[in-house]
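**Q** below: sequence and its predicted model.
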Amino acid sequence: MNLFGVMDVSGSALKAERVRAEVVAANMANSETTRTADGGPYRRHHVIFSANDGTATFGQMLLGGAGAESAFAASAGMSSIGFPFGQDAGASSSAPGGVSIGGVIEDQSDPLMRFDPGHPDANAQGFVAYPDINPLTEMVDLMGATRSYGMNASAIQAEKGMLSASLEILK
């Protein structure tokens with residue numbers, strides 16, 4: 001690993017955790033969505049991380065040249081899922097030893113059925129299909145993403161301090 005290797009690895013983790021936080025926010029925002037473009041209720045999404053063997057540097061990631069900004073990607077056997085905030089996560093390449101978004105998959109659990117005969121999406125029995133999204137689970141995921149993001153930002157700051165100290169020694 002070169003002198004800036006820690007920054008490259010932490011930069012890839014920052015990007016991955018940002019996507020994770022955006023997915024959690026999308027899940028929370030759609031927790032009451034009973035009708036999507038596909039016709040059914042919104043389905044919870046999960047981010048899949050994968051080990052990265054790419055070659056993008058920290059600077060390339062900051063400039064957006066490393067691919068997966070904030071996106072949903074297809075996982076093996078899953079249909080492609082569009083995400084309104086960014087590009088396709090499959091294009092990601094980053095630091096060797098870092099992390100990338102392997103995909104974002106839809107939860108296949110059954111929707112929650114609630115009795116509400118006055119709702120426009122109610123079936124013949126008066127039940128409405130709601131997404132199976134637990135706000136507590138989403139908040140725990142968001143807290144994990146936030147803390148991981150913060151720890152990786154701290155690692156970058158620590159390496160910047162070490163580089164500055166090394167330059168001071170050389171004076």
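**A** That came in fine, so what should we check first? Numbers count the residues shown, from 1 in each chain.

**Q** where does the prediction get shaky in this protein?
**A** Scanning the chain for pLDDT under 70 picks out 1, 3, 53-95.

**Q** how many other residues sit next to the nearest residue to residue 30 once chain neighbours are set aside?
**A** Using Cβ to Cβ, 6 or more residues apart in numbering and skipping the chain neighbours, the partner closest in space to residue 30 is residue 42 (4.0 Å). Where you see a C-beta, it was placed from the backbone N, CA and C, and this is true even at glycine. Neighbourhood size, residue 42 [other Cβ atoms under 10 Å]: 24.

**Q** tell me which helix or strand residue 42 sits in.
**A** Following DSSP states H and E, one finds residue 42 outside all helices and strands.

**Q** separation between it and residue 34?
**A** 8 Å (Cβ to Cβ, to the nearest Å).

**Q** what touches both of those two?
**A** residue 131 (Cβ atoms under 8 Å, 6 or more residues apart in numbering).

**Q** isn't the residue nearest to residue 30 right next to residue 29, touching?
**A** No. Residue 42 lies out of contact with residue 29 (Cβ atoms under 8 Å); the separation is 9.1 Å.
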